[in-house]
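> take a look and give me a structure for this.
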Amino acid sequence: MNNLTKPFDKETFLKGIEALGLPGFFDADFCYDIYLLANEAIEMLNTSNTRIVTKDINQQAIVLYCAGEILYSIDNNPNNYPALKKEDVMNQIASVVADKYLSLAMFNHDQGKMTNKFLPPCSSLDVYVNFMLNIVNSYKKNDPRSTLITDLLNKSLSISRCILNLLVDGYETEAFASWRTLHECECTLILLDKYGEDLMNNYLKHMQFGLAFNNSIEDKTKQDEIFYSMKDEMRAHGLKSKDIKKYIEYGWMYGIPGTSEDPNFKLNFRDGLEKLAGLEGYNQRYELSSEVIHSTPLLIYSRKQFFYYLTLLSLYESFFRLEKVFSSLFVRRVSEDQVKQYIGMRNLYYAQLVSIHKRESIAFQKIKK
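Numbering: from 1, shown residues only. Prediction:
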């Protein structure tokens, strides 16, 4: 039998529960009873199951599993506690905790990881993106008429962290599919940043067109007015009813000078949004990402190394562009202390990120041969 880490004594346990900041009605004594039962179940399974090879138990994880099971079971209603305190129910909760812990700690599925969160290609970018998110989140948000750029940059940075997490966990194709969304966001952000308020207003108008088309405006008279206004604009651009969805999604770009007269402009991503943003060089990657999203054989039989490097490099390049927007729009609006923090962050990490991108690009070229 393996030597399992002993459970916390009650005093240590209660201090840990207090540190979690759980609701005042949380019954810590009851949780401790469940916690002891869960440890007994783990020890029993460890003794009887030869597949389980356990030397040390993460007691903090057991505590968190117990607290989570209890909170969810009572559904934030302390009156539900009596139903949980029956012996058979307590044993069932403890058994579930033991099973979850052992399943996810001992038998957790591993995709086969190309990196980890401590290596500079991930850790350096993560700390920089996290810093930017904290700054952006200090501003007013979710009011499109005044916070459109803030909201779009915030979402782009959030997607960036999501991509990093997927890469760290070994999900390269899923990360590359998410980069496709990030690329769409950055193209929109670049254009809105470049052309300013007039284009933003056009973008917001098309948001209203989308709401009207989906019958999502409470005032139906107002909704009809918006819908008919959209139809009038479409006719002015020589568009038919069949073009309505692409006009809603991409028609706001008619607000960019010269677009209406450009015979090569189309209401789509490749020949519209991406091209106007000056990022048409990414079209091949975008199309490849579309193949992954649509479950082609490329998704199922993909090469982990290839998609790891392709996604990481694409993410870095998107980040450099997002950082430029962040620097131009936000740094001049933050406090002096935040500016100093940003300058310190940039001096420490930006050159390193450029160097990492160069190094990983060389590695990518080698595995492509």
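
> what comes up buried for the helix of greatest length in the chain?
What stands out as the longest helix in the chain, according to DSSP state H, is helix 336-368. Across helix 336-368, burial judged by 16 or more other CB atoms under 10 Å covers 338, 342, 346, 349, 353, 356-357, 360, 364. Yep, even glycine has a C-beta here, placed from its N, CA and C like the rest.

> please name every helix or strand in contact with the helix or strand containing Thr188.
Under the criterion of DSSP states H and E, Thr188 resides in helix 172-195. Judged by 3 or more CB pairs under 8 Å, 6 or more residues apart in numbering; DSSP states H and E, the packing partners of helix 172-195 are helix 144-168, helix 197-213, helix 274-276, helix 283-293, helix 304-329.

> let's have those helices in JSON lines, adding mean neighbour count and distance to Lys10.
Converted to JSON lines, the helices and strands packed on helix 172-195 look like this (neighbours: other CB atoms under 10 Å; distance: least, CB to CB, whole Å):
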{"stretch": "helix 144-168", "mean neighbour count": "19", "distance to Lys10": "36"}
{"stretch": "helix 197-213", "mean neighbour count": "17", "distance to Lys10": "56"}
{"stretch": "helix 274-276", "mean neighbour count": "20", "distance to Lys10": "61"}
{"stretch": "helix 283-293", "mean neighbour count": "16", "distance to Lys10": "51"}
{"stretch": "helix 304-329", "mean neighbour count": "19", "distance to Lys10": "47"}
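
> quick one: contacts of the helix or strand bottoming out on mean pLDDT in the chain?
Using mean pLDDT, DSSP states H and E, the weakest-scoring helix or strand in the chain turns out to be helix 297-300, at a mean of 78. Here helix 297-300 makes contact (CB atoms under 8 Å, 6 or more residues apart in numbering) with 173, 288, 291-293.

> redo that, cut-off 6 Å
Here helix 297-300 makes contact (CB atoms under 6 Å, 6 or more residues apart in numbering) with 173, 291-292.

> list the buried residues for that helix?
Leu299.

> ok, now stretch 74-82?
Neighbour counts over stretch 74-82 (16+ other CB under 10 Å) mark Ile74 as buried.

> ditto for stretch 37-44
37-39, 41-43.

> CA atoms only: put the helix holding Thr188 into PDB for me.
This file holds the C-alpha atoms of helix 172-195, laid out as PDB (Å, rounded to 0.1, in the frame of the first residue of the first chain):
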ATOM      1  CA  GLU A 172      -3.100  23.000 -31.200                       C
ATOM      2  CA  THR A 173      -5.800  22.700 -33.900                       C
ATOM      3  CA  GLU A 174      -8.400  24.100 -31.500                       C
ATOM      4  CA  ALA A 175      -6.100  27.000 -30.800                       C
ATOM      5  CA  PHE A 176      -5.600  27.600 -34.500                       C
ATOM      6  CA  ALA A 177      -9.400  27.600 -35.000                       C
ATOM      7  CA  SER A 178      -9.600  30.300 -32.200                       C
ATOM      8  CA  TRP A 179      -6.900  32.300 -34.000                       C
ATOM      9  CA  ARG A 180      -9.300  32.600 -36.900                       C
ATOM     10  CA  THR A 181     -11.700  34.500 -34.700                       C
ATOM     11  CA  LEU A 182      -8.900  36.600 -33.300                       C
ATOM     12  CA  HIS A 183      -7.800  37.500 -36.800                       C
ATOM     13  CA  GLU A 184     -11.400  38.700 -37.700                       C
ATOM     14  CA  CYS A 185     -11.400  40.800 -34.500                       C
ATOM     15  CA  GLU A 186      -8.100  42.400 -35.200                       C
ATOM     16  CA  CYS A 187      -9.000  43.300 -38.800                       C
ATOM     17  CA  THR A 188     -12.100  45.100 -37.500                       C
ATOM     18  CA  LEU A 189     -10.100  46.800 -34.800                       C
ATOM     19  CA  ILE A 190      -7.500  48.000 -37.200                       C
ATOM     20  CA  LEU A 191     -10.100  49.600 -39.500                       C
ATOM     21  CA  LEU A 192     -12.100  51.200 -36.700                       C
ATOM     22  CA  ASP A 193      -8.900  52.600 -35.200                       C
ATOM     23  CA  LYS A 194      -7.700  53.900 -38.500                       C
ATOM     24  CA  TYR A 195     -10.900  55.600 -39.700                       C
END
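
> so which of the buried residues of stretch 37-44 belong to helices?
37-39, 41-43.

> with adjacent residues omitted, what lies nearest to Gln60?
Gly16 (7.1 Å; CB to CB, 6 or more residues apart in numbering).

> neighbours of that neighbour, how many?
By other CB atoms under 10 Å, 17 other residues sit near Gly16.

> Three-state assignment for it, please.
helix (DSSP: H, G, I helix; E, B strand; the rest coil).

> how close does it get to Leu64?
9 Å (CB to CB, to the nearest Å).

> at the geometric centre of this structure, which residue sits there?
Nearest to the mean C-alpha position of the chain, by CA atoms, centre = their mean, lies Cys162 at 3.5 Å.

> JSON lines for the helices and strands packed on helix 172-195, including mean pLDDT and distance to Lys266?
Output for the helices and strands packed on helix 172-195, formatted as JSON lines (pLDDT from 0 to 100; distance: least, CB to CB, whole Å):
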{"stretch": "helix 144-168", "mean pLDDT": "95", "distance to Lys266": "23"}
{"stretch": "helix 197-213", "mean pLDDT": "95", "distance to Lys266": "16"}
{"stretch": "helix 274-276", "mean pLDDT": "97", "distance to Lys266": "9"}
{"stretch": "helix 283-293", "mean pLDDT": "92", "distance to Lys266": "13"}
{"stretch": "helix 304-329", "mean pLDDT": "94", "distance to Lys266": "23"}
